[in-house]
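Trainee: Show me the folded form of this:
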Amino acid sequence: MPRQFFVGGNFKMNPISRAQKKTIIDVLNTADLDPNTEVVIAPPSLYLIPLQEIVGENIKISAQNCYWKASGAFTGEISPAQLADAGIPYVIIGHSERRTLFHETSELVAKKTKAALDGSLSVILCVGETLQEREAGKTTGVVEEQLQEVVKVLSESDFSRVVIAYEPVWAIGTGKVATAAQAQEVHAHIRKYLSKVVSPAVAENTRIIYGGSVTASNCKELSTQLDVDGFLVGGASLKPEFVDIINAKKN
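Mentor: Sure thing, here's the model as predicted:
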């Protein structure tokens, strides 16, 4: 079976008002979205349930983060069990901002990923290198190290609910974007790595999406690459052009 194209919108700590939230959702709900593309949006946790109730049936909701315990004295955290109970199907784990700003290690990312999958969620798992690491020729090594901890704790069947997002840190929110060839090269390497350490079937079926200053102007070329199965979009997901990105594969 061909891999279904996937476009996620990571709203991060936006919008800052309920009015802005409604404007964003109105655009999506009234747009002619490609029915062959899986669309997932990740608002701040405050808006997860309200958006779940008003968003169109063709759009799914994702949390931006979760903890690795089901419950307990963990002030400010949200658990996989709570997200599942609220009917939220996805969670983003390991975003570079969580790794850098909040010092999440690859080991912690792996624990969160396993907990989320055990809690019946699907996971958008983020990996990617810094500019310094890319310039030093360490891109593939860094990505492998980030994936290695996750591979250690997951079963082969777990990967059916994992979408891997390759997000070069140097391209997130900077306006810089990996060329289509650069993205394809890393995505192909990730697929080769999965084939080696998990199985060829997992490598073939796992969706690997690109994130890093994706816009309406560059999404078409990126979407033509053999191993680019979609996008995880940041700032542009708050704008009307998000519709064009969702429709990147639409003729």
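Trainee: Can you list the buried residues in stretch 220-240?
Mentor: Buried residues in stretch 220-240, counted by 16 or more other CB atoms under 10 Å: 222-223, 225, 227-238. All C-beta atoms are positioned from the backbone trio N, CA, C, and that covers glycine.
Trainee: Next up, the contacts around residue 107.
Mentor: Contact partners of residue 107, counting by CB atoms under 8 Å, 6 or more residues apart in numbering, are residue 149.
Trainee: same deal with the one 10 residues further on?
Mentor: Residue 117 makes contacts with 123, 154, 158, 161, 162, as judged by CB under 8 Å, 6+ apart.
Trainee: Please state the offset of the helix or strand harbouring it from the chain centre?
Mentor: In the assignment (DSSP states H and E), residue 117 maps to helix 106-118. Offset of helix 106-118 from its chain centre (CA atoms, centre = their mean, to the nearest Å): 15 Å.
Trainee: what residues does the lowest-mean-pLDDT helix or strand in the chain touch?
Mentor: Within the chain, no helix or strand scores below helix 131-135, which has a mean of 90 by mean pLDDT, DSSP states H and E. Residues external to helix 131-135 that are found in contact with it (CB under 8 Å, 6+ apart): 139, 142, 168, 169, 170.
Trainee: Tell me how far the residue of the chain positioned farthest from its centre lies from residue 67.
Mentor: Centroid-distance maximum for the chain: residue 73 at 27.8 Å, with CA atoms, centre = their mean. Distance of residue 73 to residue 67, computed by CB to CB, to the nearest Å: 11 Å.
Trainee: Which residue ranges of the stretch 151-251 of the chain form strands?
Mentor: Ranges of strands within the stretch 151-251 of the chain are 162-166, 207-210, 230-233, based on DSSP state E, counting those that start in this stretch.
Trainee: Using JSON lines, please lay out the ones you listed together with distance to residue 131 and mean pLDDT.
Mentor: Output for those, formatted as JSON lines (distance: least, CB to CB, whole Å; pLDDT from 0 to 100):
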{"stretch": "strand 162-166", "distance to residue 131": "15", "mean pLDDT": "98"}
{"stretch": "strand 207-210", "distance to residue 131": "17", "mean pLDDT": "98"}
{"stretch": "strand 230-233", "distance to residue 131": "19", "mean pLDDT": "98"}
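Trainee: mind checking which of those is nearest residue 32?
Mentor: Nearest to residue 32, of all those, is strand 230-233, at 18.2 Å by CB to CB.
Trainee: How about residues contacting the helix ranked longest in the chain?
Mentor: In the chain, assigned by DSSP state H, the helix with the most residues is helix 180-197. Contact with helix 180-197 is made by 127, 139-140, 143-144, 147-148, 151, 159, 164, 166, 168, 178, 202-204, 206, 208, 210, 221-222, 224-229, as judged by CB under 8 Å, 6+ apart.
Trainee: List the buried residues for that helix?
Mentor: For helix 180-197, the neighbour count (16+ other CB under 10 Å) marks 180, 182, 183, 184, 185, 186, 187, 189, 190, 191, 193, 194 as buried.
Trainee: show me the contacts for residue 91.
Mentor: By CB under 8 Å, 6+ apart, the contact list for residue 91 reads 62, 63, 64, 65, 66, 80, 83, 116, 121, 122, 123, 124.
Trainee: just checking, which of these belong to helices?
Mentor: 80, 83, 116.
Trainee: Between those, which sits nearest residue 45?
Mentor: Residue 45 has its nearest neighbour among these in residue 83, at 9.0 Å by CB to CB.
Trainee: What does the pLDDT read for that closest one?
Mentor: Looking at residue 83, its pLDDT stands at 98.
Trainee: Quick check: it touching residue 123?
Mentor: No. Here residue 83 lies out of contact with residue 123, judged by CB atoms under 8 Å, at a distance of 11.2 Å.
Trainee: So the two - more neighbours on which side?
Mentor: residue 123 (29 against 23; other CB atoms under 10 Å).
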